[in-house]
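Below are the sequence and a predicted model for it; my questions follow.
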Amino acid sequence: MNSSSFGRLGIPRLMPIPVEGPDLDRGSVLHNLVGEYMHRTPESAAAHRRATAVMPGGETRCITYYAPYPLSVAKGLGAELTDIDGHRYIDLVNNYTTLVHGNAYAPAAAAAAQALVDGAVFPSTHRSQVHLAELLVKRVESVEQVRFTNSGTEASLLAARLVRYATGRTRLLVFDGGYHGSVPLGGTNDVVTVPYNDLDAVREALCAGDIAAVFAEPFLGAGGVVPGRPGFLSEVAGLARSNGALFVLDEVQSLRNSVGGEQGRLGLHPDLTLMGKIIGGGMPLGAVGGTTRLMKLTAADRSGFLRHSGTFNGHLSAAAAGAATLNHLDSGVIDVLNVKAEFLANTIGNIASDAGLPMAVTRAGSILQVHTTATEVPTTAEHVRGTAGPLQDALHLALLLEGVYTTPRGMINLSTALTTDHLTSVLAAYTRAFQLLAHDLRNAA
């Protein structure tokens, strides 16, 4: 790595400092990177100690933790973040795909602030909720009506209740590695899990005749950004319906990849669609959309309706910020994002290959994942889990020390705030990180 510069941002680099820690070989790259990281981020270390006194593990969202402790971010603007030690980073996390226009996006911030001034929440329907619902119905062909929740997790839970209510069945079919929120969709006996991209396993599970719905993502998001095989989800939907089950598509992450979501690109027409992330413009918001026939089962003006409420459902600031975000996310903007992501994925793969590292990159739209120790592109979550290890941890810390903020598992995503200069700096950081890791592997051999 370049010892005289901290990525594009001109912050001086420090030489690695050895540190003791669990499962670290003395003198290894990971061992030294941890030492350098700790030396550079004393304020983040102190913030983590303070947090652990009042919050279990020092966090309230397990995905934000990584060893030896996570950075404490002070602020973000556009495509850059600043931690409390004053170091700046190019943001390739964007709160796990939420901030499609980057941090502190002005139109969304202004819309949210105005909503707070006018009144943040009322016990009634509000025009901002109706406006956002209209936008979603217009964008996503399969969605005829929308019901709001506070998050993608809550949207999944509402959909699980709705499909059970509609079919009279209790069991759900999901895919290994699929993430439909932080709360299970049912008990152990109520959820059947099969490998992604395995049509035979889907067929066998549905033959029992007791599945209310299949819940699927267009690609495994948290499971490793693993795309579905061509035609896979279309066949899954057909199998579900032929066995009396509904087909639920989770577009919480993937809605950013096309105006009508991945379902439009793939020619899918799900019974229900789960939405979140970008529809709140950086604020907590989720939604279930679907056919009028299904969605009206939750309508309070009908007898025997499925009760669904929530004090903050469709929070007005989130609805206003979400509408502002979607209004600036048309097909042209999305195309640019996806082209940049394709270029980034291909180039990272080439850089790793040139360095002699066994890495693969998967991509879905503007969402990517770099898989360490992968000799071929993963097609299942089990395959992805097999690529994790010390090399992944070292790559994450090396990139942080180069001024690039990524996820510990290797997933990255782009925002519209990311410029060509940012991309150039990101690729330079990956080049230096890969060279360092390759040197360590050669020495270990």
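All right, it came through fine.

Output the contacting helices and strands for the host helix or strand of residue 362.
For residue 362, the element it lies in under DSSP states H and E is strand 359-364. Other helices and strands packing on strand 359-364, by 3 or more C-beta pairs under 8 Å, 6 or more residues apart in numbering; DSSP states H and E, are strand 226-227, helix 331-355, strand 367-372. Using the backbone N, CA and C atoms, a C-beta is placed for each residue, glycine as well.

Out of these, which is closest to residue 115?
Smallest distance to residue 115 across the helices and strands packed on strand 359-364 (C-beta to C-beta): 23.7 Å, for helix 331-355.

who does the closest one touch, helix- and strand-wise?
On a contact count with 3+ C-beta pairs under 8 Å, 6+ apart, helix 331-355 meets strand 359-364, strand 367-372, helix 420-444.

wouldn't residue 255 be in contact with residue 274 here?
No: judged on C-beta atoms under 8 Å, residue 255 makes no contact with residue 274 at a distance of 9.4 Å.

Can you tell me the centre-most residue of the protein?
By C-alpha atoms, centre = their mean, the mean C-alpha position of the chain lies nearest to residue 96, the distance being 3.9 Å.

Give me the pLDDT for that residue.
You'll see residue 96 listed with a pLDDT of 96.

what sits against residue 405?
Listed by C-beta atoms under 8 Å, 6 or more residues apart in numbering, the contact set of residue 405 reads 71, 81, 89, 90, 91, 92, 93, 399.

Leaving out the residues flanking it, which one is nearest to it?
With C-beta to C-beta, 6 or more residues apart in numbering as the criterion, residue 405 has its nearest non-adjacent residue at 3.9 Å, and that residue is residue 89.

Kindly report the same for residue 221.
Of all residues not flanking residue 221 in the chain, residue 253 sits nearest, at 4.3 Å (C-beta to C-beta, 6+ apart).

what about the strands in the stretch 251-400 of the chain?
With strands called from DSSP state E, counting those that start in this stretch, the stretch 251-400 of the chain shows them at 272-275, 286-290, 359-364, 367-372.

What number of residues are in the vicinity of residue 201?
Neighbour count of residue 201, defined by other C-beta atoms under 10 Å: 17.

Please tell me I have it right and residue 64 contacts residue 72.
No: Residue 64 lies out of contact with residue 72 (C-beta under 8 Å); the separation is 10.1 Å.

quick revisit: from residue 161, how far off is the residue nearest to residue 221?
For residue 253, the distance to residue 161 (C-beta to C-beta, to the nearest Å) stands at 22 Å.

And the two? Which one has more around it.
Under the criterion of other C-beta under 10 Å, the comparison of residue 253 against residue 161 puts residue 253 first, with 30 against 18.

ok, the more buried one to residue 81 distance?
20 Å.

picking that back up, most neighbours per residue, which of the helices and strands packed on strand 359-364?
Among the helices and strands packed on strand 359-364, strand 367-372 has the highest mean neighbour count (mean count of other C-beta atoms under 10 Å), at a mean of 25.

Run the chain-centre distance for that strand.
In terms of C-alpha atoms, centre = their mean, to the nearest Å, the centre of strand 367-372 is found 12 Å from the chain centre.

quick one, helices of the stretch 1-150 of the chain?
Using DSSP state H, counting those that start in this stretch, the helices assigned to the stretch 1-150 of the chain run over residues 29-40, 42-54, 94-97, 106-118, 127-139.

Please apply the same query to the stretch 201-350 of the chain.
232-242, 261-266, 292-295, 316-327, 331-355.

right, and these - which one's nearest residue 374?
Smallest distance to residue 374 across the helices of the stretch 201-350 of the chain (C-beta to C-beta): 9.8 Å, for helix 331-355.

my guess is residue 401 contacts residue 36, does it?
Yes: if you go by C-beta under 8 Å, residue 401 and residue 36 touch, sitting 6.0 Å apart.

The two: which has the busier surroundings?
Taking neighbours as other C-beta under 10 Å, residue 401 and residue 36 compare with residue 401 leading, 25 against 21.

Tell me the pLDDT of that one.
Residue 401 carries a pLDDT value of 97.

ok, residue 222 - contacts?
With C-beta under 8 Å, 6+ apart, residue 222 has these contacts: 177, 178, 179, 411.

got those as a markdown table, with neighbour count, pLDDT and distance to residue 379 columns?
Converted to a markdown table, these look like this (neighbours: other C-beta atoms under 10 Å; pLDDT from 0 to 100; distance: C-beta to C-beta, whole Å):
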| residue | neighbour count | pLDDT | distance to residue 379 |
| --- | --- | --- | --- |
| 177 | 22 | 95 | 11 |
| 178 | 19 | 94 | 14 |
| 179 | 19 | 92 | 17 |
| 411 | 23 | 97 | 17 |
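
quick one: which of these is nearest to residue 352?
Set against residue 352, the nearest of the contacts of residue 222 by C-beta to C-beta is residue 411 (15.9 Å).

which residues does the residue lying closest to the closest one once chain neighbours are set aside form a beta bridge with?
Among residues not flanking residue 411 along the chain, residue 369 sits closest, at 4.5 Å (C-beta to C-beta, 6+ apart). Counting by DSSP bridges, residue 369 is bridged to residue 362, residue 411.

Please tell me how far residue 369 sits from residue 206.
Distance from residue 369 to residue 206, counting by C-beta to C-beta: 29 Å.

now residue 418
Taking C-beta to C-beta as the measure, residue 418 falls 42 Å from residue 206.

Per-residue pLDDT of residue 358, please?
Looking at residue 358, its pLDDT is 86.

Ok, the one 4 residues further on next?
Confidence at residue 362, expressed as pLDDT, is 96.

Show me where the stretch 101-250 of the chain has its strands.
Counting by DSSP E, counting those that start in this stretch, the strands of the stretch 101-250 of the chain are 145-149, 171-175, 191-194, 211-216, 219-220, 226-227, 246-250.

Can you name the residues in contact with the lowest-mean-pLDDT helix or strand in the chain?
Across the helices and strands of the chain, the lowest-confidence element by mean pLDDT, DSSP states H and E is helix 420-444, at a mean of 89. If you take C-beta under 8 Å, 6+ apart as the criterion, helix 420-444 is touched by 1-2, 7-9, 28-29, 79, 90, 92, 340, 343-344, 347-348, 351-352, 355-357, 359, 391, 394-395, 398-399, 402-404.

quick check: angle from it to strand 359-364?
Inter-element angle recorded for helix 420-444 and strand 359-364: 150 degrees (by axes from the mean of the first three to the mean of the last three C-alpha atoms, to 10 degrees).
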